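A.B. asks: here are the coordinates; sequence isn't available:
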Ligand code: SAH
């Protein structure tokens, strides 16, 4: 729900200061309506139901993958598409992937979100409402800002949302923010960020290749990004998680692995190799054998490296596939 509007309506009704907290606590624990908030006066519940929409997002459709992953498409009040994903794991982990923007202004060549029209930054409430949508179905315990958008370009709203995620059941230590390497945001995370996990989408250690794949590298070159990450590590004493998309014949050779190992200090970085999920772009994923060989080379250089488990590919819910394309009611689409 729009928490600013909630505050405003409560203040206008001269309600005591603790009411906003009461409402939020119900919502954060998965309540589905104001009616359920039995410690609020009936009259107030009715008033809020008329004045403050229970969610700032309208669900448009839900898709369920054969692996249990669920993707939700929403629309904002001004008609912007937003997608969020819930991944269910056998060990009980329930991990949310939330969007920080509708679309994305960066144009990474391998990412479907980068190919759709950029809408705008989401508000903290619009981010939280993605989490609450799934919280109403079941308890959730992990979250990553790996949906649509670049979270560090919308850091005020992202941090405001992070602050409330523990109430929803998601501890800071189970929250991850992923960035293309937006240096002002990394600096701010080092300065004042909550103790969440920071991930860097790296994808190529060579500056020229990285600029080809991710135009943002011209603005913030990798060497400067890595200096900012090192500074973050020194100040926060936290590992940085590197995401490295495995593109066949592009960045997956033995030489590319050695280049990557050359720029990453094993005491600072942990590498997560990401199998490519098909988009409209003309890339092919690396073979499993190429991924395994790449990983072995990194490990031989002392780096910790894992391979990401792909989830939700059959409903276009996997990394890089969020483009709201299956929607008929929304304005943007990768087409
Ligand atoms: N803008 C931020 C947050 C989005 S995270 C960032 O880029 O880090 C989305 C993750 O999925 C990023 O690591 C991105 O590089 C990765 N990704 C993008 N397209 C992909 C694809 N087609 N297959 C697999 N991963 C992809």
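C.D. replies: Done, it's in. Everything numeric in this text was worked out from a predicted model, so none of it was measured.

A.B. asks: list the contacts for the residue nearest to residue 4 when sequence neighbours are not counted?
C.D. replies: Nearest non-adjacent residue to residue 4, counting by CB to CB, 6 or more residues apart in numbering: residue 125, 7.2 Å away. For the C-beta atoms, the positions are set from N, CA and C on the backbone; glycine is no exception. Residue 125 makes contact with 1, 2, 3, 4, 56, according to CB atoms under 8 Å, 6 or more residues apart in numbering.

A.B. asks: what about 6 Å?
C.D. replies: Residue 125 makes contact with 2, 3, 56 under the criterion CB atoms under 6 Å, 6 or more residues apart in numbering.

A.B. asks: how much space between the second one and the ligand?
C.D. replies: What it means is residue 3. 24 Å (CB to the nearest ligand atom, to the nearest Å).

A.B. asks: read off the pLDDT value for that residue.
C.D. replies: Note on residue 3: pLDDT of 96.

A.B. asks: what number of residues lie near it?
C.D. replies: Using other CB atoms under 10 Å, residue 3 is surrounded by 20 other residues.

A.B. asks: next one: it from residue 10, what distance?
C.D. replies: As defined by CB to CB, to the nearest Å, residue 3 lies at a distance of 10 Å from residue 10.

A.B. asks: over to the last one?
C.D. replies: Distance from residue 56 to residue 10, counting by CB to CB: 16 Å.

A.B. asks: those two: who's more crowded?
C.D. replies: residue 56 (25 against 22).

A.B. asks: part of a helix, is the more buried one?
C.D. replies: No: counting by DSSP: H, G, I helix; E, B strand; the rest coil, residue 56 is not found in a helix; it is coil.

A.B. asks: can you give the strand pairings for the helix or strand containing residue 198, parallel or anti for each?
C.D. replies: Element membership of residue 198, judged by DSSP states H and E, is strand 197-201. Counting by DSSP bridges, the strands paired with strand 197-201 are strand 175-179 (parallel), strand 240-246 (parallel).

A.B. asks: can you name the next helix or strand after the longest one?
C.D. replies: The one in question is strand 240-246. Note on strand 240-246: by DSSP H and E, the next helix or strand toward the C-terminus is helix 254-263.

A.B. asks: now that following helix against strand 240-246, angle please.
C.D. replies: Relative orientation of helix 254-263 versus strand 240-246 (axes from the mean of the first three to the mean of the last three CA atoms, to 10 degrees): 170 degrees.

A.B. asks: okay, now residue 116: neighbour count?
C.D. replies: Other residues close to residue 116 by other CB under 10 Å number 23.

A.B. asks: and if you look at residue 53?
C.D. replies: Neighbour count of residue 53, defined by other CB under 10 Å: 15.

A.B. asks: quick check, pLDDT for it.
C.D. replies: Taking residue 53 on its own, its pLDDT is 97.

A.B. asks: ok, residue 151 - contacts?
C.D. replies: 100, 145, 158, 177 are the contacts of residue 151 under CB under 6 Å, 6+ apart.

A.B. asks: would CSV of those with secondary structure and pLDDT be doable?
C.D. replies: What follows is those, written out as CSV (DSSP: H, G, I helix; E, B strand; the rest coil; pLDDT from 0 to 100):
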residue, secondary structure, pLDDT
100, coil, 98
145, strand, 98
158, helix, 98
177, strand, 98
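
A.B. asks: re the thing from before, run through who's touching the strand holding residue 198.
C.D. replies: So strand 197-201 is contacted by 176, 177, 178, 180, 181, 189, 240, 241, 242, 243 (CB under 6 Å, 6+ apart).
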